[in-house]
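J.: Attaching a predicted model along with its sequence, questions to come.
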Amino acid sequence: MPGPKSKISKSRRGMRRAHNALKVMPVNTCANCGSLAKPHHVCNSCGYYKGKEVMAPKGL
């Protein structure tokens with residue numbers, strides 16, 4: 001098996017991996033209960049979306 005032709009420096013390796021970092025997910029507060037919820041998703045604690053109850057809360 002052939003090996004690498006030359007050493008890859010730490011800088012070049014880091015530049016290649018620059019886009020592999022985890023992104024910070026945006027989080028909003030629920031207008032109904034005030035808990036943290038993802039934008040455009042149903043709130044897990046109260047089950048509301050855009051001011052209407054869409055489903056029963058998961059905790060109950």
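T.: Thanks, I have it. Residues are numbered from 1 along each chain as shown.

J.: CA only for contacts and neighbour counts going forward, please
T.: Will do.

J.: For the protein, which segments are assigned as helices?
T.: For the chain, the helices defined by DSSP state H cover 10-16.

J.: in it, which residue is closest to the centre?
T.: Centrality entry for the chain: nearest residue to the mean C-alpha point is residue 25, 3.4 Å, by CA atoms, centre = their mean.

J.: Show me what the lowest-mean-pLDDT helix or strand in the chain is in contact with.
T.: In the chain, no helix or strand scores lower on mean pLDDT, DSSP states H and E than strand 52-53, which sits at a mean of 88. With CA atoms under 8 Å, 6 or more residues apart in numbering as the contact definition, strand 52-53 has outside contacts at 46-47.

J.: strand partners of that strand, parallel vs antiparallel please.
T.: As defined by DSSP bridges, the strand partners of strand 52-53 come to strand 48-49 (antiparallel).

J.: how distant is the partner strand from the center of its chain?
T.: For strand 48-49, the separation from the chain centroid amounts to 20 Å (computed by CA atoms, centre = their mean, to the nearest Å).

J.: In this protein, where is pLDDT below threshold?
T.: Along the chain, segments meeting pLDDT under 70 span 59-60.

J.: please redo it, this time with the cut-off set to 90
T.: Residues of the chain meeting the criterion pLDDT under 90: 1-2, 4, 31-32, 44-46, 50-60.
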